[in-house]
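Chemist: no letters, just coordinates:
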C-alpha cells in the first residue's frame, strides 16, 4: 500500500511540474506577443508590411505607435508584392512615412531586377530610403561564376536603385547572408539587421534599423507584425 501511495504522489508531482511548465510557456508567449523595445531607448519605431501580413489598417498602425512603415514591393526580375499598391495608397492616406523593400535574388542579373523595381516603385522624394533585402545565397544558384560576381552585380543594382530614387539604399542583411559573404564590411551603406528580442551584432558594425520582433500582435493586423526600430 505504501509503495502505491508513493507512485501516486510521484505522478501528481510530475503532473504539477508539467502544468507549471505549460503555464510558464503560455505566459512567455503572451509576453512575446506584446513586447516591443522601450521607447526611452528607441524613440522611433515602425513596422515592415507585405502581402503575407494580410490586410493592415494603417491608421490603427499609426495610432498604436508606428512612426513609419516599410512596404515589401518587389522581388527578383518579375515578382511583385500583391498588396503593394494598396499598402502604398493606405500608408499615404494615413500620412505615415514609408519606404519600400526589394528582395534581391543573386541568381538574376541586376539589370532585370532594377527594371522590375523602377516599374513598380514611384519616384517620390518624400519616401524613406529604399531597402534591399539580402537573404537568398548565391550558392543556391548552382553557378560558381554567379557567386564570384555577387558583389559586382549587387553594386550595379544598388547604383540603379539609387539613381531612380535619389537616395542611398539600406542593406537589409540576414545573418545567413552576412555569415556567407561579409557584405556589411564590403559595401558601405546603412544596415538593417534582424534578431528577435536582442540587439543583433553579426554585421560587426553599427546598424541603422533593427527588426526587433516578428511576434508583435496589435489591432492593426490579424497577423503578427514585424516591428522595426531606428538606432537612436
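Modeler: Here it is on my side, so go on. Fair warning: this is a prediction, and the values are worked out from it, not measured in the lab.

Chemist: in this structure, which spans are helices?
Modeler: 2-34, 58-63, 84-93, 110-120, 144-148, 150-165, 175-181 (DSSP state H).

Chemist: who touches the second one?
Modeler: Pointing back at helix 58-63 there. Among residues not part of helix 58-63, those counted as contacts by Cβ atoms under 8 Å, 6 or more residues apart in numbering are 47, 69, 87, 90-91, 93-96, 218-221. From N, CA and C alone the C-beta is placed, and that goes for glycine too.

Chemist: of those, which is the nearest to residue 54?
Modeler: When the contacts of helix 58-63 are compared for distance to residue 54 (Cβ to Cβ), residue 221 wins out at 6.2 Å.

Chemist: ok, back up a step: mind giving me the PyMOL select for the contacts of helix 58-63, buried ones only?
Modeler: Typed into PyMOL, the line below selects the buried ones among these, using 16 or more other Cβ atoms under 10 Å:
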select buried, resi 47+69+87+90+91+94+96+218+220+221
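
Chemist: export the contacts of helix 58-63 to TSV and tack on distance to residue 40?
Modeler: Written out in TSV, the entries for the contacts of helix 58-63 read as follows (distance: Cβ to Cβ, whole Å):
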residue	distance to residue 40
47	20
69	22
87	30
90	30
91	27
93	31
94	26
95	25
96	23
218	20
219	24
220	23
221	25
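
Chemist: ok, so of the contacts of helix 58-63, who is nearest residue 198?
Modeler: Within these, proximity to residue 198 (Cβ to Cβ) peaks at residue 47, which comes in at 19.1 Å.

Chemist: mind checking how far the closest one is from residue 110?
Modeler: Here the distance between residue 47 and residue 110 works out to 28 Å (Cβ to Cβ, to the nearest Å).

Chemist: kindly report the same for residue 133.
Modeler: When distances are taken as Cβ to Cβ, residue 133 and residue 110 turn out to be 15 Å apart.

Chemist: so where is the chain shaky, pLDDT-wise?
Modeler: Counting by pLDDT under 70, the chain contains low-confidence ranges at 1-34.

Chemist: now do the contacts for the closest residue to residue 167 other than its chain neighbours.
Modeler: The shortest distance from residue 167 to any residue other than its chain neighbours is 4.5 Å, reached at residue 129 (Cβ to Cβ, 6 or more residues apart in numbering). With contacts taken as Cβ under 8 Å, 6+ apart, residue 129 has the following neighbours: 99, 165, 167, 168, 169, 170, 190.
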